[in-house]
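Trainee: Okay, predicted coordinates and the sequence, questions at the end:
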Amino acid sequence: MKWLRDISLVAVGLAILWNVEFAQADNWPQFRGVNASGTSHETTSLPTDIGPNRNVVWKLPVGRGHSSPVVFGERAYLTTLRDEKLLTLAVDVTSGKIAWEAEAQYDKLESVHRIGSPATPSCATDGDVVISFFGSSGLHAYSVAGKLLWKQPMGPFDNSFGAAGSPIIVDDLVVIIEDHDTGSFLAAFDKRTGKEVWRTDRAAFRRNYSSPVVWPQADGNQIVVVGTGQVNAYEAASGKQVWTVRRGSRVVSSTPVVSDEGQLYVVNSGGGEAPDQPPYAQLIATADANSNKMLEKTELPNSIIRSFIDQFDRDKNGSLDELEYESIRGTMMYAKPIAMRIKSGGHEDITDTHVAWSATKSLPRNASPLVVNGVVFMIKDGGIATSLDAASGEQLKSGRLRATGKFFSSPVYGDGKIYALTEQGKLNVVTAESNWKQLATADFSEDVYATPAIANGRLYIRTVQHLYCFSDTE
């Protein structure tokens, strides 16, 4: 019976997730912690009253960068750009001093958005190896003592905003998603040797900035990634695509979440909703002025495709052929801002069968969601915080936080509290309940793009220049 199969799938997923969390207890091993969930299950109290001079254990200058801190054991890891050098830093969490640093060589520094950084992807570690990634030079693996184990050169990529997705470690694989204007791919590398194990082509996808997550299933782990107008799952062992949901926004920055109950939640609204575009055959018949069966920019209607033709022109010849035009037109048809819960057990196109619920109001552009105690929390630019019932998608509360602005940093949860920082470095602390309440605010007087980390009863916040460590008990 189907319902029995669903229950067994959830049970298997829960068992795997609990084992992962037990093994990673008190650690924050990658972007947004265990499996990018943004949640800490520690019972140690965390401070509510936080600020540049309140409950600070230590403060360390780390140079400019947007990568989020990760913590494992006695070390915190992050990347930075200092004096035109791309560096991976290991910080002793007891003393707040740099334990070691390693430079990543590059031929050309990638271009980035005006508020971006070449040091945006976060590190990943399992306590055995430390993985860092720079779009300018590729993957680098270090021992916890700072010895370079291997490197896998790649980049710079065809993306004027730079690379942002962070690598993850899945069993003995390092998995990375690279969606850019051309040459998009998902790939896995042996964590000990750096040898490529598999690579899956994603040529139909343009620039995105999300990171992958692991979704345990009865028949093995799946790698879930969100891209242009779609959510896709791939076998972790082989990279083979398992299923597709043809819903999502045009440009994706937020990372999906697998809840403690093994449910998958996707929230994204980047790029807005694209209007329908005319088919290629219609435009060629009416707009191909030079009769070359190609569509130049001057021949395209005033539309999203015309505005961003450089992103869609794969061979960079200044025009779009039928394949180029129709591939992006097809993707645009499904590209709509959305929040949704996706049910497990699907194969192939599950758009109409496995989307349990969807919502379209108060969606964040960049900040990833939180799922805590049966509630989905989202924070939209402007400081609009919204809670949804995780089972039904029903909106429970929506209101404005005291500290407002844009949110590139994603919220994190620990000790019954949610911590969320604006681009201008203003902190909101709110209760993690459906009818959430504001507890405190703070102002760091520095921009913040990195997501905080929680480990061993401490909260770590990275501004563009510093790494702070906070504690309620020290």
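Mentor: Received, thanks.
Trainee: Report the residue ranges of every domain in this structure.
Mentor: 2-273+335-471, 280-332 (automatic domain parsing).
Trainee: Can you show me the strands along the stretch 51-200 of the chain?
Mentor: Secondary structure of the stretch 51-200 of the chain, counting by DSSP state E, counting those that start in this stretch: strands at 56-61, 70-72, 75-82, 85-92, 97-104, 124-125, 129-134, 138-143, 148-152, 168-170, 173-178, 185-190, 196-201.
Trainee: I'd like those strands laid out as a markdown table, including distance to residue 322, mean pLDDT and mean neighbour count.
Mentor: All C-beta spots, glycine's among them, are computed from the backbone N, C-alpha and C. Output for those, formatted as a markdown table (distance: least, Cβ to Cβ, whole Å; pLDDT from 0 to 100; neighbours: other Cβ atoms under 10 Å):
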| stretch | distance to residue 322 | mean pLDDT | mean neighbour count |
| --- | --- | --- | --- |
| strand 56-61 | 54 | 98 | 16 |
| strand 70-72 | 45 | 98 | 25 |
| strand 75-82 | 41 | 97 | 24 |
| strand 85-92 | 40 | 98 | 22 |
| strand 97-104 | 41 | 98 | 16 |
| strand 124-125 | 40 | 98 | 26 |
| strand 129-134 | 35 | 98 | 27 |
| strand 138-143 | 34 | 98 | 21 |
| strand 148-152 | 35 | 98 | 16 |
| strand 168-170 | 37 | 98 | 21 |
| strand 173-178 | 26 | 97 | 24 |
| strand 185-190 | 23 | 97 | 21 |
| strand 196-201 | 19 | 97 | 15 |
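Trainee: Let me have those strands in JSON lines, extended by distance to residue 368.
Mentor: Listed next are the strands of the stretch 51-200 of the chain as JSON lines, based on distance: least, Cβ to Cβ, whole Å:
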{"stretch": "strand 56-61", "distance to residue 368": "25"}
{"stretch": "strand 70-72", "distance to residue 368": "15"}
{"stretch": "strand 75-82", "distance to residue 368": "18"}
{"stretch": "strand 85-92", "distance to residue 368": "23"}
{"stretch": "strand 97-104", "distance to residue 368": "26"}
{"stretch": "strand 124-125", "distance to residue 368": "16"}
{"stretch": "strand 129-134", "distance to residue 368": "18"}
{"stretch": "strand 138-143", "distance to residue 368": "22"}
{"stretch": "strand 148-152", "distance to residue 368": "26"}
{"stretch": "strand 168-170", "distance to residue 368": "14"}
{"stretch": "strand 173-178", "distance to residue 368": "14"}
{"stretch": "strand 185-190", "distance to residue 368": "19"}
{"stretch": "strand 196-201", "distance to residue 368": "23"}
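Trainee: Residue 254 is nearest to which of those?
Mentor: strand 173-178 (13.3 Å; Cβ to Cβ).
Trainee: neighbouring strands for the closest one, and are they parallel or not?
Mentor: strand 168-170 (antiparallel), strand 185-190 (antiparallel) (DSSP bridges).
Trainee: possible to save those strands as JSON lines with distance to residue 240?
Mentor: Formatted as JSON lines, the strands paired with strand 173-178 follow (distance: least, Cβ to Cβ, whole Å):
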{"stretch": "strand 168-170", "distance to residue 240": "15"}
{"stretch": "strand 185-190", "distance to residue 240": "11"}
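Trainee: Go through these and name the closest to residue 85.
Mentor: The nearest among the strands paired with strand 173-178, by Cβ to Cβ, is strand 185-190 at 24.0 Å.
Trainee: now the closest one, how far from the chain's geometric center?
Mentor: Offset of strand 185-190 from its chain centre (Cα atoms, centre = their mean, to the nearest Å): 16 Å.
Trainee: residues in contact with stretch 419-429?
Mentor: Under the criterion Cβ atoms under 8 Å, 6 or more residues apart in numbering, residues 48, 50-51, 115, 367, 379, 383, 385, 401-413, 417-418, 430, 438-449, 452, 459, 461, 463 lie in contact with stretch 419-429.
Trainee: I meant to write stretch 385-397 there.
Mentor: Residues contacting stretch 385-397 (Cβ under 8 Å, 6+ apart): 259, 263, 265, 339-341, 356-359, 361-362, 371, 374-380, 398-401, 420, 428, 430, 433-436.
Trainee: coming back round to it: among the strands of the stretch 51-200 of the chain, which is nearest residue 219?
Mentor: Of the strands of the stretch 51-200 of the chain, nearest to residue 219 by Cβ to Cβ is strand 168-170, at 15.2 Å.
Trainee: Check whether residue 378 really touches residue 266, as I assumed.
Mentor: No - applying Cβ atoms under 8 Å as the test, residue 378 and residue 266 come out as separate, 11.5 Å apart.
Trainee: where do the contact lists of these two overlap?
Mentor: What both residue 378 and residue 266 touch, as defined by Cβ under 8 Å, 6+ apart, is the set residue 339.
Trainee: Not counting its neighbours along the chain, what's nearest residue 464?
Mentor: Using Cβ to Cβ, 6 or more residues apart in numbering and skipping the chain neighbours, the partner closest in space to residue 464 is residue 447 (4.8 Å).
Trainee: what kind of secondary structure is the one you found in?
Mentor: coil (DSSP: H, G, I helix; E, B strand; the rest coil).
Trainee: What confidence value was assigned to it?
Mentor: We have a pLDDT of 97 for residue 447.
Trainee: Just the CA atoms of stretch 261-270, as CSV, please.
Mentor: In CSV, the C-alpha atoms belonging to stretch 261-270 read as follows (Å, rounded to 0.1, in the frame of the first residue of the first chain):
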residue,chain,number,x,y,z
GLU,A,261,11.2,14.7,9.6
GLY,A,262,12.8,14.1,6.2
GLN,A,263,10.6,16.5,4.2
LEU,A,264,12.0,18.8,1.4
TYR,A,265,11.2,22.5,1.4
VAL,A,266,12.2,24.9,-1.4
VAL,A,267,11.8,28.6,-1.3
ASN,A,268,13.1,31.0,-4.0
SER,A,269,12.0,34.2,-5.8
GLY,A,270,15.0,35.5,-7.6
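Trainee: Am I right that residue 328 is in a helix?
Mentor: Yes - with three-state DSSP as the criterion, residue 328 is located in a helix.
Trainee: That one: neighbouring residues, count only.
Mentor: 28 (other Cβ atoms under 10 Å).
Trainee: which one of the strands of the stretch 51-200 of the chain lies closest to residue 296?
Mentor: strand 196-201 (27.2 Å).
Trainee: Quick check: the gap between residue 238 and residue 256.
Mentor: From residue 238 across to residue 256, the span is 21 Å (Cβ to Cβ, to the nearest Å).
Trainee: element containing residue 225, please.
Mentor: Element membership for residue 225 (DSSP states H and E) is strand 220-227.
Trainee: Can you turn the buried part of the contacts of stretch 419-429 into a ChimeraX selection?
Mentor: Applying 16 or more other Cβ atoms under 10 Å to those leaves a buried subset, and the ChimeraX line that selects it is:
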select :48,50,51,367,379,383,385,401,403,405,406,407,408,409,410,411,412,413,417,418,430,440,441,442,444,447,448,449,452,459,461,463
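Trainee: for residue 74, what are its contacts?
Mentor: 92-94.
Trainee: and which of the residues you listed is nearest residue 69?
Mentor: residue 93 (9.8 Å).
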